[in-house]
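Trainee: When you get a sec, could you give me coordinates for this:
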Amino acid sequence: MEYINIFIKSAFIDNMIFTFFFGMCSYLAVSKTVKTAVGLGMAVIFVLVVTIPINYLLEEYVLKEGALTWLGDEYATMDLSFLSFIMFIAVIASIVQLVEMLVEKFSPALYGALGIFLPLIAVNCAILGAALFMQQKQFANIGEATVYGLGSGFGWFLAIVLIAAIREKIKYSHIPAPIRGVGMAFILTGLMGLAFLGFLGFEL
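Mentor: Okay, here's the model as predicted:
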């Protein structure tokens, strides 16, 4: 039950796009078609599901104060938490590089469509933000951290696919010239953010 609560909260209540506006650059740039939105969304889910557990283990057994007690009592007071940013980013960059190679090998068309935004997942603030939130939430075990990563990734995936579907539908609509493109995307994002406020307080 706790896992379900964590998933629902991270995907809908604390949605990375609609609550924190993390990852907006790729969200706006790649959401012109559903196909590319699905591809990037799946890549973000994969990166989060892999990096959050790894970063959780780093936090628990290497970085936080007293984490190195498994090496001996003399390390009990050591605190390496100041290395969190660089360690988290190193893990994220490594996994993104793996994703980039896999997409290029197995789906060249998607790789071409995503362009520069695929390697930019490494600096997507939604990915690093999820790692830092994981650190802040102090989950009880790696299972909870993994579910949090899955929920956060699914929430981002849901946001980009929904906005892409709407943008495809309104592509040929009569929209005033000043708000076409990104302007309309911002308006839609705001409306969708208001809609997601309806999930507040929804926990099992």
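Trainee: Give me the contact list for the helix or strand harbouring Ala113.
Mentor: Counting by DSSP states H and E, the element that carries Ala113 is helix 108-114. With contact meaning Cβ atoms under 8 Å, 6 or more residues apart in numbering, helix 108-114 is reached by Val30, Thr33, Lys35, Thr36, Gly39, Leu40, Ala43, Glu100, Val103, Glu104, Leu118. In short, each C-beta sits where N, CA and C put it, glycine included.
Trainee: same thing but 7 Å
Mentor: Residues outside helix 108-114 that contact it (Cβ atoms under 7 Å, 6 or more residues apart in numbering): Val30, Thr36, Gly39, Leu40, Val103, Glu104, Leu118.
Trainee: Show me the longest helix that occurs in this protein.
Mentor: helix 142-169 (DSSP state H).
Trainee: Tell me, how many residues neighbour Ile179?
Mentor: Residues near Ile179, counting by other Cβ atoms under 10 Å, number 12.
Trainee: That one - nearest residue in space that isn't next to it in sequence?
Mentor: Ile187 (6.6 Å; Cβ to Cβ, 6 or more residues apart in numbering).
Trainee: Same question for Met184.
Mentor: Ile175 (5.8 Å).
Trainee: you'd agree the one you found is up against Ala185?
Mentor: No: in this structure, Ile175 is not within contact of Ala185 by Cβ atoms under 7 Å, at 11.1 Å.
Trainee: buried set for the lowest-mean-pLDDT helix or strand in the chain?
Mentor: Using mean pLDDT, DSSP states H and E, the weakest-scoring helix or strand in the chain turns out to be helix 108-114, at a mean of 79. Buried residues in helix 108-114, defined by neighbour count with 16 or more other Cβ atoms under 10 Å: Leu110, Tyr111, Ala113, Leu114.
Trainee: what's the answer for stretch 83-92, then?
Mentor: Neighbour-count burial for stretch 83-92 flags Ser84, Met87, Phe88, Ile89, Val91, Ile92 (criterion: 16+ other Cβ under 10 Å).
Trainee: returning to what we had before: from the contacts of helix 108-114, pick the one nearest Met1.
Mentor: Among the contacts of helix 108-114, Leu40 lies closest to Met1 (Cβ to Cβ), at 31.6 Å.
Trainee: Does that closest one touch Val30 like I think?
Mentor: Yes: counting by Cβ under 7 Å, Leu40 does reach Val30; the two are 4.9 Å apart.
Trainee: Looking at those two, which is more packed in?
Mentor: Neighbours were counted for Leu40 and for Val30 using other Cβ under 10 Å; Leu40 has more, 30 against 22.
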